[in-house]
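>>> what would the 3D arrangement of this be:
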Amino acid sequence: RFLLQETELRLVKCLPEILALQRDLVRLFQNASDAKRCTIREFLSKPLSDVTWVLLERRVDVFLSVWNKLRSSLDTNGEIKLPKGYCDADLTLDSKLEVLLPRRQGLGLCSTALVSYLISLQNDFIHSVNKHIKEDDRYLISPSEVADLHLISYEVERDLIPLILSNCQYSMEKGGETLQHFDLERIQQQVISKFLLGKPLITLTSALPSSVMNMISGELQSYSDVCDALSVTEIALEFLAMAGENTEMLLTDYIKNVLQMGDQTNPHVLQALRRCHLKHTIALWQLLSTHKSEQLLRLRRDPFEDISTEYKADLSPEFAKLLNAYLVHSRLETFLQELHKMIILKLKRVRSMDEFRPTWGLKESLIPLLDEKDSELAAELQDMFPDEICLSHVTATWKAAAVFKRERRES
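Residues are numbered from 1 along each chain as shown. So this is what the prediction gives:
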C-alpha cells in the first residue's frame, strides 16, 4: 500500500510550508474581499521586504506544485467535496489569490481541502501502522504544532530506492535471464521503522464535553439563534484555518479580541458558547450544523434539499420498526451528528453514484468514516444497526432519528 501511494505520500512533508503560507495570508487578508481582487502574481508583485517576498514566493511555489500533483485525487477522494470545475486545471501564478486563502466556501475551499487531504494521508498511514503493531493512537498533535519531524518524510532517490535495492536478490535462470527477488516482508519492516514509526496523528478537533454540548443545546433553542451561532463559528473556522492560535483560548475571547466581532455577535450566542475553546471549534460546527437541520425539520422544511433523490427513499414500516429498535439503545446524539456529517460532506456533491452507491448498506458506508476516529459508535453500528437499511434511506433515517430524539425529549 505504501508503494502504491508513494507518489502522494512524498508530498506530506510539504505540509508545514503550506500551513505557514495559510497563516501568512490569514494575517495579511483579514478582509477576504481584498483577496478576490487580485491574482497570485499581482499579490507577489506588491512591495514586500526581501525576506518576506522570498518566503512567500517559495511557499506559493510549494502550494501550486502540490495542488497540481494532487488535484485529481482531491476531486475523487478528498474529504472535502469541491464544487464542479475546481480541480479541472492546474493552478498558476495567474490564478486568483483566493485559492491560497483557506475558507469554508468559494475558491478558498481549495486551500482548506488540500491541507485536509495531506493530513488524511498522514493519519491513514499512521493509524494503519499503529493497528499493525497493536499500538493505540495516543500520539496526537494539532495542525498548529506540525513540524518537519512529525511528518512522513523521505527522499525517493536518497532513502527509498536504496532501501528497496538492499532487499533485492538476483538469480540467473538457464538461458542467461536474470530474475529479481524482493524481500517484501523486510521492505515493509524497514519502511515502517524508518519512515512511519513514532509519527503522530494530526487531529483537527477535540470532542465537546457532553456537559458543554447539553448547555449549548439548552440555550440555543430557536432556529435564528442556532443560525447565528453557526455563522460566527464558520467565520472563526475560516480565520483560524490552521493559523496557529492557542487551542486552549476561549472561542468567545477569539471572537471578541482577535476577530473583533463582539459588537456584531448576538450576546445570547456569546453566552451560550462561553465554555468552548478553539480546540472545540470543529466539533462545535458539527453540533450546530446538525441542530440547524433539526430545527429546519421541526419547521417542516427539508434540511437536505440539495441531496440527490437517490438518497431519499422512504423507510418501509418494517424498516422503520427495525430502526426504532436500534435508536432506543443507541448513542443517539453521536449517531445524529455523524450521520449528518456524512450526508452534508460526502453526499452533497456526489458526482458519481459509484462513490456512494445507494444500494450499499448504510452502516457499511458510515463505519469506515468512524473508524478513522476510533469511534465507539462504529462497534455499536456493527452489532446493532439493521443490515436491511441502505444508503438510499440515509436522509429518511436521519429524519426519523431526529424526530425520535425530539419526541423522547418532549415526553
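>>> switch to C-alpha atoms for all contacts and neighbour counts from now on
Noted.
>>> need phi/psi at residue 102.
Backbone geometry at residue 102, expressed as degrees, to the nearest 10, gives phi -60, psi 130.
>>> touching, it and residue 114? I think so.
No: with contact defined as Cα atoms under 8 Å, residue 102 does not count as touching residue 114 (9.5 Å).
>>> helices along the stretch 201-350 of the chain, start to end?
Ranges of helices within the stretch 201-350 of the chain are 210-219, 223-240, 251-253, 267-272, 281-298, 317-328, 332-342, based on DSSP state H, counting those that start in this stretch.
>>> for residue 309, which of the ones you listed is the nearest?
Each of the helices of the stretch 201-350 of the chain was checked against residue 309 via Cα to Cα, and the shortest separation belongs to helix 332-342, namely 15.8 Å.
>>> so which elements touch the closest one?
helix 281-298, helix 362-371, helix 394-410 (3 or more Cα pairs under 8 Å, 6 or more residues apart in numbering; DSSP states H and E).
>>> quick check: angle from the first one to helix 223-240?
This points to helix 281-298. Inter-element angle recorded for helix 281-298 and helix 223-240: 150 degrees (by axes from the mean of the first three to the mean of the last three Cα atoms, to 10 degrees).
>>> do the last one as well
With the same axes, to 10 degrees as the basis, helix 394-410 and helix 223-240 are set at 120 degrees to each other.
>>> make 580 the first number, not 1, from now on.
In the new numbering, first residue 580, that becomes helix 973-989.
>>> neighbouring contacts of helix 973-989?
Residues from elsewhere that reach helix 973-989, judged by Cα atoms under 8 Å, 6 or more residues apart in numbering: 873, 876, 883, 890-894, 902, 906, 911, 915, 918-919, 922, 941.
>>> so between residue 681 and residue 693, which is more surrounded?
Applying other Cα atoms under 10 Å to residue 681 and residue 693 shows that residue 681 carries more neighbours, namely 30 against 24.
>>> list the contacts for that one?
Contacts of residue 681 (Cα under 8 Å, 6+ apart): 601, 605, 687-691, 817-818, 820.
>>> what is the nearest of these to residue 698?
residue 691 (10.8 Å).
>>> kindly confirm my reading that that closest one is in a strand.
No: with DSSP: H, G, I helix; E, B strand; the rest coil as the criterion, residue 691 is helix rather than part of a strand.
>>> check the gap between residue 814 and residue 834 for me.
9 Å (Cα to Cα, to the nearest Å).
>>> repeat that for residue 917.
Using Cα to Cα, one gets 27 Å for the distance from residue 917 to residue 834.
>>> same question, residue 908
From residue 908 over to residue 834 (counting by Cα to Cα), the distance is 38 Å.
>>> more crowded one of the two?
Using other Cα under 10 Å, the more surrounded residue of residue 908 and residue 834 is residue 834, with 20 against 10.
>>> how far away is the nearest residue to the more buried one once chain neighbours are set aside from residue 848?
Take residue 834 and drop its neighbours on the chain: the residue closest to it by Cα to Cα, 6 or more residues apart in numbering is residue 840, 5.6 Å away. Spatial separation of residue 840 from residue 848 under the definition Cα to Cα is 12 Å.
>>> between the two, who's got more neighbours?
For residue 840 against residue 848, the residue with the higher neighbour count under other Cα under 10 Å is residue 848, and the figures read 20 against 16.
>>> ok, back up a step: can you say which of the contacts of helix 973-989 are buried?
When the contacts of helix 973-989 are checked for burial by 16 or more other Cα atoms under 10 Å, the buried set is 873, 876, 883, 890-892, 894, 902, 906, 911, 915, 918-919, 922, 941.
>>> low-confidence ranges, this protein, go.
With pLDDT under 70 as the threshold, the chain has low-confidence stretches at 609-614, 629-630, 716, 751-755, 783-784, 820-824, 928-933, 950-954.
>>> in the host helix or strand of residue 602, what's buried?
With elements taken from DSSP states H and E, the one containing residue 602 is helix 594-607. Residues 594-605 are the ones in helix 594-607 that count as buried (16+ other Cα under 10 Å).
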